[in-house]
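Asks: task: produce atomic coordinates for the following.
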Amino acid sequence: MADVRTMAAPAGRRGTFISLEGIDGCGKSTQATLLADRLEAAGHEVVRLREPGGTAIGEKIRKILLDPQNGAMADECELLLYEASRAQLVREVIAPALARGAVVVCDRYLDSTYAYQAGGRGLDASLVSRCNELGSCGVLPDRTLVLDLGCEDALARATAGGADRLEQEGMRFQERVRAAYLRLAKAEPARVRVVDAVGSVEDVAGRVDAALRDVVAPCRCGDAGVAHE
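Replies: This next block holds a predicted model:
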């Protein structure tokens, strides 16, 4: 795996960038929403985002990427569409938010591309890393949390209401993605932390906060009314 720690922080960055990652159905979207709520309650300006998407252009790309009818999409096409959406998000939203001192909470970012396109699809990891550097415009999260849950449980959650194009890839694909996330956390322990996603929403939220205490002011679970979804 190519090391992305050589990417430079953007000039004038004053805010904090947090990304949440994990296989489909791990609960990261719920935790991203609840974390943003707690940080706002603690007085931070919070910018909530998701990938792909987050901009008018990015949301159009998201529809293409996740549409089950686009099963013929080449792996390289998929990779470049993710990077295109990301570059627009960084330039239009993330970089300005960090420059003014906001906390950015992003549901997926460039580590998803490593896990899904290099780990899941089997594209060359160094190629994916170079594409990630271009798509991210050199902007890395201060902390990335990988919510870790067994593939069987996660996939059952993710597909309960129907499966998108990536979720349709099945169990073996998700297992490769999960393994890639765990390799990433081992390779970059200062930035990437694994959070056990087994248990109640409140329990997982507590672990999320504990993994962020050194990068953003702590916020206690319950301050903003943590609730099950």
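Asks: which residue is nearest the middle of the protein?
Replies: Arg108 (1.8 Å; Cα atoms, centre = their mean).
Asks: and that one, what does it touch?
Replies: Neighbouring residues of Arg108 by Cβ atoms under 8 Å, 6 or more residues apart in numbering: Ser19, Leu20, Glu21, Lys28, Arg50, Glu51, Pro52. (Each C-beta comes from the backbone N, C-alpha and C, glycine too.)
Asks: how far off centre is the helix ranked longest in the chain?
Replies: Determined from DSSP state H, the single longest helix within the chain is helix 171-187. The chain centroid and the centroid of helix 171-187 are separated by 14 Å, computed with Cα atoms, centre = their mean, to the nearest Å.
Asks: sorry, back to before: roughly how far apart are the residue nearest to the centre of the chain and Arg191?
Replies: Arg108 sits 15 Å away from Arg191, going by Cβ to Cβ, to the nearest Å.
Asks: thinking again about what came up before, export the contacts of Arg108 to a markdown table and append columns for secondary structure, distance to Asp75 and neighbour count.
Replies: Shown next, in a markdown table, are these (DSSP: H, G, I helix; E, B strand; the rest coil; distance: Cβ to Cβ, whole Å; neighbours: other Cβ atoms under 10 Å):
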| residue | secondary structure | distance to Asp75 | neighbour count |
| --- | --- | --- | --- |
| Ser19 | strand | 23 | 26 |
| Leu20 | strand | 24 | 29 |
| Glu21 | strand | 20 | 30 |
| Lys28 | helix | 23 | 27 |
| Arg50 | strand | 22 | 19 |
| Glu51 | coil | 18 | 21 |
| Pro52 | coil | 16 | 25 |
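Asks: ok, and what's touching the helix or strand of the chain with the lowest mean pLDDT?
Replies: Least confident helix or strand of the chain, by mean pLDDT, DSSP states H and E, is helix 151-158 with a mean of 78. Residues outside helix 151-158 that contact it (Cβ under 8 Å, 6+ apart): Gly22, Ile23, Asp24, Gly25, Cys26, Gly27, Glu167, Gly170, Met171, Gln174, Glu175, Arg178.
Asks: what do you get if the cut-off is 6 Å, keeping everything else the same?
Replies: Contact partners of helix 151-158, identified using Cβ atoms under 6 Å, 6 or more residues apart in numbering, comprise Ile23, Asp24, Gly25, Cys26, Glu167, Met171, Gln174, Glu175, Arg178.
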